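Novice: Quick check, what structure comes out for this input:
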Amino acid sequence: MKAVIIDDERIARQELRRLLLAHPEIEIAAEAQNGFEALDLIPKLAPDVIFLDIQMPEMTGFEMLAKLDDVPQIIFTTAYDEYAIRAFEVSALDYLLKPIAAERLALAVAKLRPRKIPPRLEQVFVRDGERCWLVRVADIFLLESEGNYTRVCFKGERPLISKSLAALEARLDPAVFFRTSRAQIVNLKWVQAVETGPAGNLVITLRSGETVSASRRQSAALREAMSL
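Specialist: Take a look at the predicted model:
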């Protein structure tokens, strides 16, 4: 089962990694040191479980969960016992107090069940006001975030749908659809040209004529994905 550890304390993350060595059924897919990093990782990785600290700078564990469209199994790991009731109100699987005892962790892990991942989308029903489309996913060349909505670009159309970019990303094939930034996902099969921009990041030209700038971080990942 795939896990993500979310904790602002490096030592706490290392200790939990050490304890989880006793549970080879748990694969630690990634670590995040704050809620913003976690919100970027979780939709991409679709973990079975997150080990989540509560008190973190800028965004608490509870605030992070409220921003997720698809919430995996949650095991809270915290030094504070006063959040236990609220933790179970958000359907937490368990609530572990630091320092975490190996025996207590084993009881929490025993409750885990493999997550059922929804199948990849092949076509989608899109509705914008009175207009409707049944769209092949292969025809979508760009998705753009607009708050909690997403603009879907295909065949000259740009309807706005009431799903977040993160929710759609979890259902798309990551080998085809690439997150260029927090706000955009491109269909790699529609890429016509890639150039280096003035800031050192990559600028993508799609066959549709659209240009998309990748963030610096995602530019490095795109170079690897496209063997540039």
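
Novice: Check Arg171 and give its pLDDT.
Specialist: Predicted confidence (pLDDT) for Arg171: 83.

Novice: For the helix or strand hosting Val135, which helices and strands make contact with it?
Specialist: Element membership for Val135, per DSSP states H and E: strand 131-136. Helices and strands touching strand 131-136, by 3 or more CB pairs under 8 Å, 6 or more residues apart in numbering; DSSP states H and E, are strand 123-128, strand 149-154. No exception for glycine: its C-beta is placed from N, CA and C like everyone else's.

Novice: Gln55: which of these is closest?
Specialist: strand 149-154 (31.4 Å; CB to CB).

Novice: mind giving me the domain split of this protein?
Specialist: As assigned by automatic domain parsing, the chain contains the domains 2-110, 124-225.

Novice: can you put the ones you listed in JSON lines and add mean neighbour count?
Specialist: Listed next are the domains of the chain as JSON lines, based on neighbours: other CB atoms under 10 Å:
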{"stretch": "domain 2-110", "mean neighbour count": "17"}
{"stretch": "domain 124-225", "mean neighbour count": "16"}
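
Novice: Mean pLDDT lowest where, among the ones you listed?
Specialist: The weakest mean pLDDT among these belongs to domain 124-225, with a mean of 91.

Novice: so how far does it reach from one end to the other?
Specialist: Using CA to CA, to the nearest Å, the end-to-end distance of domain 124-225 comes out at 25 Å.

Novice: One more: stretch 18-34?
Specialist: Terminal residues of stretch 18-34 are spaced 20 Å apart (CA to CA).

Novice: give me every residue that touches Ile6.
Specialist: By CB atoms under 8 Å, 6 or more residues apart in numbering, the contact list for Ile6 reads 31-35, 37-38, 50-53, 56, 61, 64.

Novice: picking up where we left off before, any chance of the helices and strands packed on strand 131-136 in JSON lines, plus distance to Gln192?
Specialist: Shown next, in JSON lines, are the helices and strands packed on strand 131-136 (distance: least, CB to CB, whole Å):
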{"stretch": "strand 123-128", "distance to Gln192": "24"}
{"stretch": "strand 149-154", "distance to Gln192": "15"}
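
Novice: To Leu222, which of the ones you listed lies closest?
Specialist: strand 149-154 (18.6 Å).

Novice: List the neighbouring strands of the very next helix or strand once past the closest one plus their orientation.
Specialist: Per DSSP H and E, the first helix or strand lying C-terminal to strand 149-154 is strand 160-161. Sheet pairing of strand 160-161 (DSSP bridges) gives strand 149-154 (antiparallel).

Novice: Just the C-alpha atoms of the strand it pairs with, please, in CSV.
Specialist: Extracted C-alpha coordinates of strand 149-154, given in CSV (Å, rounded to 0.1, in the frame of the first residue of the first chain):
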residue,chain,number,x,y,z
TYR,A,149,-13.5,25.0,-11.4
THR,A,150,-11.6,23.8,-14.5
ARG,A,151,-11.7,25.0,-18.0
VAL,A,152,-11.5,22.1,-20.4
CYS,A,153,-10.0,22.9,-23.9
PHE,A,154,-10.9,20.7,-26.9
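
Novice: Let me see the contact set for the residue nearest in space to the middle of the chain.
Specialist: Centroid check for the chain by CA atoms, centre = their mean gives Pro43 as the closest residue, at 2.2 Å. Counting by CB under 8 Å, 6+ apart, Pro43 makes contact with Leu68, Asp69, Asp70, Ala166, Ala167, Glu169, Ala170.

Novice: Please narrow those residues to those residing in helices.
Specialist: If you go by DSSP state H, the contacts of Pro43 have Ala166, Ala167, Glu169 in helices.
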